[in-house]
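Enquirer: take a look and give me a structure for this.
(chains A and B)
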Amino acid sequence: MKYENEAFRGLKLIGWLFLLSTVLVASHKGEFWPFSIYPMFSQAGNSWSRALLIEIEPDDTTNIWDEKPLGSIDQRNVVPVKRLGVDQIDYSNFISKTERWTPGRINALKTLFPEQQLQGKTVMATKATGKLVREDSVAVILTPMFRISADTIRVNPLITIDPPD
Amino acid sequence: MKVTNLLKNQLFDPSRNVSAGELLHFKIFELFVVIYVLAYSWSWGLYTQRLNEEVVLSLGMANYIDVSIFFDYNLALVIAALISLLVLAAFFRIGNRWFYLVVMILFHLQYVIRYSQGEIPHSQNLIGLAVMILAVGSIFFPAGKFFPRFVFGGVIFFIGLGYTSAFFSKLIATGFHWFYGEHLWLWISEKSVDILSRDGSYQTNFLQELALQHGSVASTILLVGWLIELIGFTMWFKKLRPYTTALLIGMHFGITLTMNIRFDAFVMQLILVGFPWYRLIHIDSKRFYDQLLKITLFRKPAISGLAENQNQ
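Expert: Residues are numbered from 1 along each chain as shown, chains lettered A, B, ... in the order given. I've put the predicted structure just below:
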């Protein structure tokens, strides 16, 4: 055979790489790039959280912190974060996975949407939560989190601001 | 021993000569990988420089070093520049055969710097794996015509393994009822909010409407996709490879239609490595073969006289 010895050597190398990948993913919660056990979508049926950026009227102060269903908002008021140069998954993770809102964390949110990008708009950073209801449909509820304008950021009164780390 | 022999023969096909067609196919694949390495390195570097503020999630190497030091002073761009120089040098076989290994390490670093913000994307994994196999191949087979064969075989091994592993991840984390249609409803709604957030508008397509209206359709979509993942490892077998590859590509199109997740690099890489393109490329010129060999190997071959019955 033409490449018998090389093929054996090649298989051994692949075996070592496989062993290395197993050790790395086993010791790093299934992820050590580029190795992965590809766990995306492995946990089915769980509720989820994402985030939207919704434009609001600057002088609107009535019931702005109230929760509402996704279907009740006008899609035209959703600000496309891609146009602001922000990755929507990063933004969603930022909003939905933050457990402790410190002044530094809130300031980092303001950095995502600087004044020149918002161009005078007042926006609401909003958490969207989806879950199965009655086992035959999905309900998506919007929770306003932060009202961001050119010079200020206001926090939903239900959110506790933690002291800096 | 039988299993190792079988795997060796199926992944590396050692009885077949390395033809000019295979060398050209390999070089096109390598160019594809290099283009993606350049594109990812710079896009990750630019994003990091502009938006990364603090480490939210530590992946890979970031568990051991504080990657926030790379968020400022253009360091992420310096890494992108270094990767670019080294990967281009490696592609053109200028400099050292260890270059791909250094690229691999820097590329991993750039990934964990960029994705320290909470997201764990997988669409770049196959490009990362290809760089890793190129790195190992260039070190261990710098002068052998077996180098391209090793790269293709290694990449195919890890692709097949990844899909089958994804099947078992779902089975273990959820159980046999993973494919129930209401799970797809949740993902469709989640991804629709993602698209709405990204683009400012969203409308469900025909397939999504069908899945949302009929639980059985949603369940069938998930079950078919899940079973295709299970048979991912059959890519290791050369006769089954094109069929498995076609099914995997179909599955990715299905995911794009139902969940709006695109897998451009994944699908292109599957197309490049999953089909025996070398069979379509017939080149009889010995001169061209020698030139291809020259730009494929990292060292001059140990045995002079490059011509082998090229297209056997």
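Enquirer: which stretches of the stretch 201-312 of chain B have low pLDDT?
Expert: Scanning the stretch 201-312 of chain B for pLDDT under 70 picks out B:300-312.
Enquirer: for chain A, what is the nearest residue in it?
Expert: Going by Cβ to the nearest Cβ, chain A is nearest to residue B:201 of the stretch 201-312 of chain B, at 5.5 Å. The C-beta positions use only the backbone N, C-alpha and C, and glycine is treated the same way.
Enquirer: what about the closest residue to that residue other than its chain neighbours, how many neighbours?
Expert: Closest residue to residue B:201 apart from its sequence neighbours, by Cβ to Cβ, 6 or more residues apart in numbering or on different chains: residue A:75 at 5.5 Å. Using other Cβ atoms under 10 Å in any protein chain shown, residue A:75 has 13 other residues around it.
Enquirer: show me where chain A has its strands.
Expert: A:31-32, A:35-36, A:48-56, A:68-69, A:122-133, A:137-148, A:153-155 (DSSP state E).
Enquirer: next, count neighbours for the residue nearest to residue B:283 when sequence neighbours are not counted.
Expert: Nearest residue to residue B:283, sequence neighbours excluded (Cβ to Cβ, 6+ apart): residue B:20, at 3.9 Å. Residue B:20 is flanked by 22 other residues according to other Cβ under 10 Å.
Enquirer: residue A:5 too?
Expert: A count of neighbours around residue A:5, defined by other Cβ under 10 Å, yields 12.
Enquirer: likewise the one 3 residues further on?
Expert: Here the count is done by other Cβ under 10 Å, and residue A:8 has 15 residues near it.
Enquirer: thought the residue nearest to residue B:201 was touching residue B:203?
Expert: No - with contact defined as Cβ atoms under 8 Å, residue A:75 does not count as touching residue B:203 (9.3 Å).
Enquirer: and the residue nearest the centre of chain B, how far is that from residue B:268?
Expert: Most central in chain B under Cα atoms, centre = their mean is residue B:126, positioned 1.7 Å from the mean C-alpha point. Distance, residue B:126 to residue B:268, using Cβ to Cβ, to the nearest Å: 9 Å.
Enquirer: over to residue B:7?
Expert: 26 Å.
Enquirer: what does residue A:137 give?
Expert: Remark: distance between residue A:137 and residue B:268 (Cβ to Cβ) = 37 Å.
Enquirer: ok, residue A:2 next?
Expert: Look at residue A:2 and residue B:268: by Cβ to Cβ, they are 30 Å apart.
Enquirer: and for residue B:48?
Expert: From residue B:48 over to residue B:268 the distance is 25 Å, taken as Cβ to Cβ.
Enquirer: neighbour count: those two, which is higher?
Expert: residue B:48 (25 against 16).
Enquirer: please, which helix or strand holds that one?
Expert: Using DSSP states H and E, residue B:48 sits in helix B:20-51.
Enquirer: how about the residue of the stretch 201-312 of chain B closest to chain A, secondary structure?
Expert: Following DSSP: H, G, I helix; E, B strand; the rest coil, the label given to residue B:201 is coil.
Enquirer: neighbours of it, how many?
Expert: Neighbour count of residue B:201, defined by other Cβ under 10 Å: 11.
Enquirer: before we move on, the earlier item: so which of the strands of chain A is the most packed in?
Expert: Of those, the one with the most neighbours on average (mean count of other Cβ atoms under 10 Å in any protein chain shown) is strand A:35-36, at a mean of 24.
Enquirer: and that one, which strands flank it?
Expert: strand A:31-32 (antiparallel) (DSSP bridges).
Enquirer: quick check: mean pLDDT of the partner strand?
Expert: The pLDDT scores in strand A:31-32 average 92.
Enquirer: now do stretch A:60-80
Expert: Mean predicted confidence for stretch A:60-80 is 89.
Enquirer: so for that stretch, what gets flagged as buried?
Expert: Buried residues in stretch A:60-80, defined by neighbour count with 16 or more other Cβ atoms under 10 Å in any protein chain shown: A:65, A:70, A:78-80.
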